[in-house]
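Chemist: turn this into a structure:
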Amino acid sequence: MDKPCPPVIKADIGAAETLVSRREPMRYRTSQGLLIEAETSFDAIRRLRESSWNEQNLSDREYMEAVADRMFQEGVHVSTVSPDIFIAGLLGAGLLTREPDDAQPNTENPAKQEADRK
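Modeler: Have a look, this model is predicted:
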């Protein structure tokens, strides 16, 4: 016969679910000045990929590898072991910076922003 979970465990799970649902987005600024908002590293990578006019058709993994290859050619090592480590590497290399929570994200189309910068 299965025993029901103790109430303490159920309460802990509920508290964890509440924390996850209240997670605030992180704000990053690229070295090109683009401000992005992302709740996870996966989301940040997707937004970075979408803002890159020549890498939009790559998968997120392929995008990470392409960026890491370019950085390696410039003498900077950025690991692609996981999205979290990749974003940490971009932050450490100065390619991304954390922005204050009150910074406003760019609302224009990322492709238009890229075209305007050229």
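
Chemist: quick one: pLDDT of the residue lying closest to P83 once chain neighbours are set aside?
Modeler: In space, and not counting its chain neighbours, P83 is closest to S41: 3.7 Å by C-beta to C-beta, 6 or more residues apart in numbering. From N, CA and C alone the C-beta is placed, and that goes for glycine too. At S41, the model reports a pLDDT of 93.

Chemist: how near is S41 to T30?
Modeler: Separation of S41 from T30 (C-beta to C-beta, to the nearest Å) stands at 15 Å.

Chemist: what residue ranges in the protein score low on pLDDT?
Modeler: Within the chain, the ranges that satisfy pLDDT under 70 run 1-23, 101-118.

Chemist: where do the strands sit along it?
Modeler: Counting by DSSP state E, residue ranges of the strands within the chain are 26-30, 35-38, 96-98.

Chemist: neighbouring strands of the second one in the sheet, and parallel or not?
Modeler: Put plainly, it is strand 35-38. strand 26-30 (antiparallel) (DSSP bridges).

Chemist: got the contact list for the partner strand?
Modeler: Outside strand 26-30, the residues that touch it by C-beta atoms under 8 Å, 6 or more residues apart in numbering are 35-39, 44, 48, 51, 87, 91, 95-101, 103, 105.

Chemist: OK, contacts around the closest residue to R61 other than its chain neighbours?
Modeler: The spatial neighbour of R61 that comes closest, neighbours along the chain excluded (C-beta to C-beta, 6+ apart), is T80 at 7.5 Å. By C-beta under 8 Å, 6+ apart, the residues touching T80 are 61, 64-65, 68, 86.

Chemist: distance-wise, check T80 relative to F86.
Modeler: In terms of C-beta to C-beta, T80 sits 5 Å off from F86.

Chemist: for D84, list the residues it contacts.
Modeler: Contacts of D84 by C-beta under 8 Å, 6+ apart are S41.
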